[in-house]
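In: Dropping the sequence and predicted coords here.
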Amino acid sequence: MNKIITIVILLACYFADSAAAFASDNKTEIINKVVSGYGEEHFKAIKSINVKDTYKSFRYGQSESPNAVDLVNYRSDSTIDFINKRKNFKWIRGDKDSFSIQHQMFDGKQGYQLNHSLKTLSVNTNLSYARTDRRHFYYLDTALAVLLYRNIDDATVLDDEVTFDSQLFKVKLVMQGYEELTLFINQQTGLIVKMSKPDWQPGKLFIYNYSKAKSQQEVKFATSTYVTRGGQPYMVSVARELVINPDVSRAFELPENYQDSAPTLSFSEMMVEKLDDNIYLAGQDWGFSVFLDAGDYYIGVGGYEDLTNRLTVVQKLAGNSKPLKYQVVSHHHIDHLEGMREAFELGVTFISVKEHQARIKELAYADIAPERFDVVTGSASYANGALQVLDFASGHATHNLISYFPQAKLLFTADMFFSRKVSGSPNGGQTLKLLAQRLAEEKLDVERFAAAHSGRVLTLKDFNYALSNTAKSQCPNSWQICHSFLSE
């Protein structure tokens with residue numbers, strides 16, 4: 001009997017070793033194929049790249065109207081130093097007549113945000129090497145190939161996938177700081193033809209498709225990228241320029257004449273704060289809510305995910321277990337509806353406009369009964385006037401419910417007015433001017449401004465500063481992607 005057990009163990013070890021050896025050999029075969037496909041020694045010699053993309057993106061779930069999909073123009077300029085793990089990312093969103101820019105940099109140790117309108121820069125602790133370019137390197141197959149080549153120990157070979165015209169290697173890449181990436185590699189050419197990664201919505205995927213490969217400095221790259229999200233069109237490239245091993249000796253220098261702005265606040269841990277006798281602010285990362293203790297129950301505003309956790313920390317601070325009876329739904333954008341499933345399970349009545357009910361049901365994954373909606377037409381009042389809700393139209397959303405708490409002279413908004421800086425007042429724009437006009441019409445006495453995207457509560461002084469200081473986007477002359485943009 002002992003001999004049989006010994007034989008079984010030896011056989012198990014043999015097959016385990018054989019499987020491991022096969023996986024190792026298969027991984028070696030795949031990486032060799034990738035290296036060959038992307039340019040052999042020229043590919044191995046890649047230390048840095050610069051890629052300039054012109055593309056269009058479909059704004060599903062983020063459009064101005066819940067019944068339409070916006071198409072937005074973008075330009076990006078990314079310099080990646082693979083050796084020293086540095087990135088310089090420049091981004092333009094919009095058209096010549098109305099655009100915004102963003103400039104972020106990671107110098108190998110810390111991240112920076114540069115504001116070219118105000119001539120300021122600030123350290124941003126939320127930026128990392130992986131995140132500085134807003135994951136734009138996913139748009140370039142060659143960058144993914146470099147990532148795989150330099151991190152092959154983090155790769156796992158999956159079962160091959162057969163398509164109508166080719167057979168694909170399937171490799172899962174799991175690295176710290178990155179989402180789980182699944183690469184699909186053509187077994188004949190060694191080129192990455194597809195990549196998938198999980199969406200933040202359960203059960204949905206981002207699918208990146210790469211095609212029309214050509215060579216630049218003897219290195220292959222896809223000139224066309226098409227991305228879907230949950231099966232729907234998300235991004236399509238229009239033009240791409242690639243430079244292999246550009247001179248990066250000055251690519252990561254910070255401007256000498258820029259002033260340091262206040263550092264960015266970090267909300268990596270759940271916070272909770274009592275703002276008034278019966279009003280609480282709670283949140284983490286990019287999702288914050290205000291809760292009103294209405295006596296026997298709470299009313300919540302701010303519908304990001306982890307709504308239940310925010311309610312829990314408020315209950316703990318207040319020393320009670322009162323239920324969440326009402327949830328104010330600010331607007332139809334997906335990120336502000338990620339807590340709707342939790343709200344539904346908590347048994348709330350949704351305070352919303354009629355136009356948002358279908359999207360709420362979609363994100364709650366439930367056919368919510370009509371009686372669980374309290375429809376706002378223009379404005380509404382709750383808890384004997386302790387909460388006033390107003391429907392506000394702006395360029396960001398055709399309907400956006402803002403919440404006013406008279407006792408605390410507190411206003412809560414989503415995607416309108418906030419700052420994640422330790423100090424200082426943000427600049428304003430047209431939306432803020434429209435908001436100020438509405439507040440005046442309603443004769444609301446507001447002294448504090450809470451928001452869905454920050455745990456910092458702003459003051460009336462901040463609001464007045466923003467109204468009188470509008471920073472117009474400026475495209476720096478040194479940005480090559482600006483030249484063609486402004487000449488159109």
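Out: Nice, I can see it.
In: can I see the domain layout of this protein?
Out: Domain ranges of the chain: 22-260, 271-468, per automatic domain parsing.
In: and those domains, which one's lowest on average pLDDT?
Out: Ranked by mean pLDDT, these bottom out at domain 22-260, which scores a mean of 93.
In: if I pick the residue most central in space within the chain, what's in contact with it?
Out: By CA atoms, centre = their mean, the mean C-alpha position of the chain lies nearest to residue 134, the distance being 7.6 Å. Residue 134 makes contacts with 89, 91, 104, as judged by CB atoms under 8 Å, 6 or more residues apart in numbering. To be clear about C-beta, it is placed using only N, CA and C from the backbone, and glycine gets the same treatment.
In: From residue 55, how far out is it?
Out: Distance, residue 134 to residue 55, using CB to CB, to the nearest Å: 12 Å.
In: Residue 108 now?
Out: For residue 108, the distance to residue 55 equals 28 Å [CB to CB].
In: With neighbour numbers in mind, choose between these two.
Out: Legend: neighbour count by other CB atoms under 10 Å for residue 108 and residue 55, higher for residue 55 (20 against 12).
In: now for the helix or strand where the more buried one lies, which elements pack on it?
Out: Using DSSP states H and E, residue 55 sits within strand 48-59. In terms of contacts (3 or more CB pairs under 8 Å, 6 or more residues apart in numbering; DSSP states H and E), strand 48-59 is packed against strand 70-81, helix 141-150, strand 232-244, helix 480-487.
In: mind redoing it with 6 Å?
Out: Contacting strand 48-59 under the criterion 3 or more CB pairs under 6 Å, 6 or more residues apart in numbering; DSSP states H and E are the following elements: strand 70-81, strand 232-244.
In: Redo those as JSON lines? Include mean neighbour count.
Out: As requested, the helices and strands packed on strand 48-59 are exported to JSON lines (neighbours: other CB atoms under 10 Å):
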{"stretch": "strand 70-81", "mean neighbour count": "19"}
{"stretch": "strand 232-244", "mean neighbour count": "16"}
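In: Could you check how far residue 288 is from residue 43?
Out: Remark: distance between residue 288 and residue 43 (CB to CB) = 45 Å.
In: So which of those two has more stuff around it?
Out: Ranked by neighbour count (other CB under 10 Å), residue 288 and residue 43 place residue 288 first, with 26 against 21.
In: Name the SS class of that one, please.
Out: strand (DSSP: H, G, I helix; E, B strand; the rest coil).
In: Quick check: which element contains residue 437?
Out: Per DSSP H and E: residue 437 is located in helix 430-442.
In: likewise residue 203?
Out: Here residue 203 is covered by no helix or strand, with elements defined by DSSP H and E.
In: what's the distance between it and residue 427?
Out: Distance, residue 203 to residue 427, using CB to CB: 39 Å.
In: Please apply the same query to residue 469.
Out: Distance of residue 469 to residue 427, computed by CB to CB: 5 Å.
In: With residue 337 instead?
Out: Distance, residue 337 to residue 427, using CB to CB: 28 Å.
In: again with residue 188
Out: Applying CB to CB, one obtains 54 Å for the distance of residue 188 from residue 427.
In: what angle do the strand holding residue 55 and helix 141-150 make?
Out: 120 degrees (axes from the mean of the first three to the mean of the last three CA atoms, to 10 degrees).
In: May I have the strands that pair with strand 48-59, each with its orientation?
Out: strand 70-81 (antiparallel), strand 232-244 (antiparallel) (DSSP bridges).
In: got these as a markdown table, with distance to residue 401 columns?
Out: Listed next are these as a markdown table, based on distance: least, CB to CB, whole Å:
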| stretch | distance to residue 401 |
| --- | --- |
| strand 70-81 | 21 |
| strand 232-244 | 26 |
